[in-house]
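Novice: can you look at this prediction? I've put the sequence above it.
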Amino acid sequence: MKNIFSLFKSNSCRTKLLISYLIFLVAGALFSTIFTPYLLRKQADILVERMGRYILHYLQQPAEVALLTGISDYLDSPIKGLFKDESVLGVVIYNKDGQVVFVKKKTRYKDPVLMLEDFKDIENSIDYFEPRMKRIRIFLEPVRSSPLSEELTESPPELLGFVRVDLSLEHFLGYYKEFLALVVGTYTLMAALAALLAYYQARQIASPLKRLVDGARKLRSGDFDVRVPEDNVTGEIAELIQTFNNMVEDLRRREEAIKESEERFRTVAEFTYDWEYWRAPDGHFIYVSPACERITGYPPEAFLRDHELYDRIIHPDDWLKVQEHRRAKRTSPGEPEEIDFRIIRADGSERWIGHVCHPVYGKDGRYLGIRGSNRDITSRKELEERILQTQKMESIARLAGGVAHDLNNLMTAVLGQAELLRLALPSDSPLADRADKIITSAMQASGLAQQLLAYARGGKYAPRVINLNETVRDVIKLNERSIGHNVELEVDLEPDLWPIYADPSQMAQVVMNLIINAVEAMENGGRLTVRTFNSSLDTPCGDISPGRYVILEVTDTGHGMDQETLANIFEPFFTTKFTGRGLGLAAVYGIISNHGGYIQVDSTPGKGTSFFVYLPSLDPQTAVQHRAEELEEKEGDVCRILVVDDDPAVLEVIKEYLEPFGFLVDTAQNAREALYLTGKKPALILLDIAMPEMDGVDLYPLLREAAPEAKIIICTGYSSDGPAKKLLSLGADGFIQKPFTQRHLIGFIRKHLHNCRVKRCLTKGKVFY
């Protein structure tokens, strides 16, 4: 039985069908072999019994007559007719005592002998015997006197004897054997036909199913072009094959759509600037875009192999923030929110990351993982720092502008009066030395105001074409003694240094501040390197564009600075020294920025610091043009100058500055006086900005309309980035910042009045600068 079940488990459908048919046929054959003969035997017994009863009934009357008369001839005729039947073997008549009265049997038939006890139980019924000879049946019936004989004998019916008939089953079985042979033959033929039909049906079913199985295997291996032929297939199998082919076609289209979608996704992910990824619920990475290698220094395969790498590269100071954000997004997804954190690249450097992630859930609510996007925002962070620095500088600019304006107005009067006093005193006068000290102090106060404006990138500038090497040499020569004997100075200046357009005094302040800062950083001595060289930038660097630049390098071997200190060195009033004001590097930053330059700082704690100052270079043609404009103009006519300022002391000083050089000077303290004096047709107007009633911004267009040919110069204590910038954009011809010396003012006017004659004025043989 187990073998049969194993055949059903391991063989093909066709084999299973054939085995099923064979089992059915064998079962039918067994049934026919066992039950058909039994049924035929039962049927033969029934027919024999019926025939035996019929013969007994047929011989009842002849037997009665023979037993009553004792004459057996009455039995010859009916018995002779019975013996024509092959099934009748013998007839015996017994008297009531069981003695044979008459007997007739066929030849070679040896009848069984009945004993007296065989007759005891059949006096009133028919019975039959089945002797040892299995194919013989013996029927026995009592014979009684009939009603007719009772009347003749005038006695009740009595037992006269017995009639016995022996019948053979062979004859009956012969008929049934023929029938059985016919049945078996018919069944065998039908079984053969059924086997052929089963084979055909099995083949009709199994062959298409085998093709379906082969097609399913190819489909499983990824062959979406497989199709199952529908040849010679009908019915449900044909529908099954057609449904399978339609399913394969749908799967092929779906697979193509998925591949196309994946290709689009992969193309977008691989060419996007951001680092995209997908993490499974257990934390493993399912996908990592190639951009991760550019951002982190690790290839995508590293994250796919080691899912903990992502957490390890997060900066320790930001790790808790990232984990908290991740937990929050898991418990309450909501809209994606960006957080910024730092990572440590494979090379050890830091990068700022803008991170957005969102949990992914299936339609059934099942958590599928996290999809995230990381963007390198290091440049943005640096820009934010620069913007913050700029905002700080603008705040200082507003503060410094107000302070410097008032201080410059005061210093203009103090310096002017002191200069005029010094010019009026003899050289040997005891008051001359005091006047010189007043001038020196006023110049120092003016320098402090200029420093404040320089920090705010708004100081006064007198740019011209210069060679930075000359400025470096002058500053080093001036500060040789302050450098100190324990500092080794190394100077390397480019012989063919490109020219720059800059204010020499401001450049000198930059060089001096950088050198002093470097020397102070080497308390125990060291090496100070000052170098200049040319450089052409092909890519942007910091805030400057590609182009030609002159670079000043100042390097020391001092204690260096850490990252936190580097981030603050250009902030106003930030200092690491007890005696410093924190204005030196801030002033350098303001001056260089105002000249369109850039400062790069490299520093390592314990090894030293290098400052690289980038200054835009002039091309040769522009340099020649600037030098031509600086040539001294020829003498011309005497010019009239109108000075507009609300401070009488400033008006007095400027007037006394200019008149000795041959200028005709008119002064006005308000707008009404100024407009009236334009009737004298001044060649140049010095216009202050902060004035009562009407300030310089509102007065400017009226003066331009009243004196269209006059040069209007803005003369104020504010920086050039304030209201003066607006007037310059409206067409003002120049800007000069208070305070200024007599020589500076004369030189500035000569530059703007080309056709005016300027006297050479020597008072007591000296002009003070």
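Specialist: Received, thanks.
Novice: pull out the buried residues from stretch 305-321.
Specialist: In terms of neighbour count (16 or more other Cβ atoms under 10 Å), stretch 305-321 has its buried residues at 310, 313-315, 318. Every residue, glycine included, has its C-beta placed from N, CA and C.
Novice: does His754 sit in a helix, a strand or a coil?
Specialist: coil (DSSP: H, G, I helix; E, B strand; the rest coil).
Novice: now, the buried residues of stretch 305-321 that are in helices?
Specialist: Using DSSP state H, the members of the buried residues of stretch 305-321 that fall in helices are Tyr310.
Novice: would you convert the buried residues of stretch 305-321 into CSV that also reports distance to Leu478 and pLDDT?
Specialist: Shown next, in CSV, are the buried residues of stretch 305-321 (distance: Cβ to Cβ, whole Å; pLDDT from 0 to 100):
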residue, distance to Leu478, pLDDT
Tyr310, 57, 91
Ile313, 51, 93
Ile314, 52, 93
His315, 46, 93
Asp318, 49, 91
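Novice: ok, so of the buried residues of stretch 305-321, who is nearest Val101?
Specialist: Distance to Val101, by Cβ to Cβ, is smallest for Tyr310 among the buried residues of stretch 305-321, at 124.0 Å.
Novice: for that closest one, which non-adjacent residue is closest in space?
Specialist: Nearest non-adjacent residue to Tyr310, counting by Cβ to Cβ, 6 or more residues apart in numbering: Phe303, 6.2 Å away.
Novice: please name the bridge partners of the most centrally placed residue in the chain.
Specialist: In the chain, the residue lying closest to the centroid (Cα atoms, centre = their mean) is Glu276, at 3.1 Å. Beta-bridge partners of Glu276, counted by DSSP bridges, are Ser373.
Novice: just Asp492 next, same as before
Specialist: Asp492 forms beta bridges with Arg531, as assigned by DSSP bridges.
Novice: measure it to Glu553 for me?
Specialist: Note on Asp492: its distance to Glu553, by Cβ to Cβ, to the nearest Å, is 9 Å.
Novice: put together TSV for the buried residues of stretch 305-321, with distance to Ala194 on each row.
Specialist: Shown next, in TSV, are these (distance: Cβ to Cβ, whole Å):
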residue	distance to Ala194
Tyr310	71
Ile313	77
Ile314	78
His315	83
Asp318	83
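Novice: return the subset of the buried residues of stretch 305-321 lying in strands.
Specialist: Taking DSSP state E, every one of these sits outside strands.
Novice: just the CA atoms of the helix or strand where the residue nearest to Tyr310 lies, as PDB, please.
Specialist: Following DSSP states H and E, one finds Phe303 within helix 300-305. Output of helix 300-305 as PDB, limited to C-alpha atoms (Å, rounded to 0.1, in the frame of the first residue of the first chain):
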ATOM      1  CA  PRO A 300      27.800  52.300  -1.500                       C
ATOM      2  CA  GLU A 301      29.000  48.700  -1.000                       C
ATOM      3  CA  ALA A 302      30.500  49.700   2.400                       C
ATOM      4  CA  PHE A 303      27.000  50.700   3.700                       C
ATOM      5  CA  LEU A 304      25.300  47.600   2.200                       C
ATOM      6  CA  ARG A 305      27.800  45.400   3.900                       C
END
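Novice: beyond whichever helix in the chain runs longest, next helix or strand please.
Specialist: Scanning the chain for the longest helix, with DSSP H as the assignment, gives helix 13-69. Sequence-wise, the next helix or strand downstream of helix 13-69 (DSSP H and E) is helix 76-82.
Novice: does anything pack onto that following helix? Which helices or strands?
Specialist: Applying 3 or more Cβ pairs under 8 Å, 6 or more residues apart in numbering; DSSP states H and E, one finds that helix 76-82 contacts helix 13-69, strand 88-95.
Novice: buried set for that helix?
Specialist: 78-79, 82.
Novice: ok, and the closest non-adjacent residue to Ile370?
Specialist: Excluding the flanking residues, the one nearest Ile370 by Cβ to Cβ, 6+ apart is Arg279, at 4.7 Å.
Novice: same question for Gln669.
Specialist: Spatial nearest neighbour of Gln669, chain neighbours left out: Asp646 (5.5 Å); criterion: Cβ to Cβ, 6+ apart.
Novice: quick one, grab the pLDDT at the one you found.
Specialist: In this model, Asp646 is scored at 90, pLDDT.
Novice: that one - that's part of a helix, no?
Specialist: No - in this structure, Asp646 is coil, not part of a helix, as judged by three-state DSSP.
Novice: now the weakest link among the helices and strands packed on helix 76-82, please, by mean pLDDT.
Specialist: Here the lowest mean pLDDT among the helices and strands packed on helix 76-82 goes to helix 13-69, at a mean of 76.
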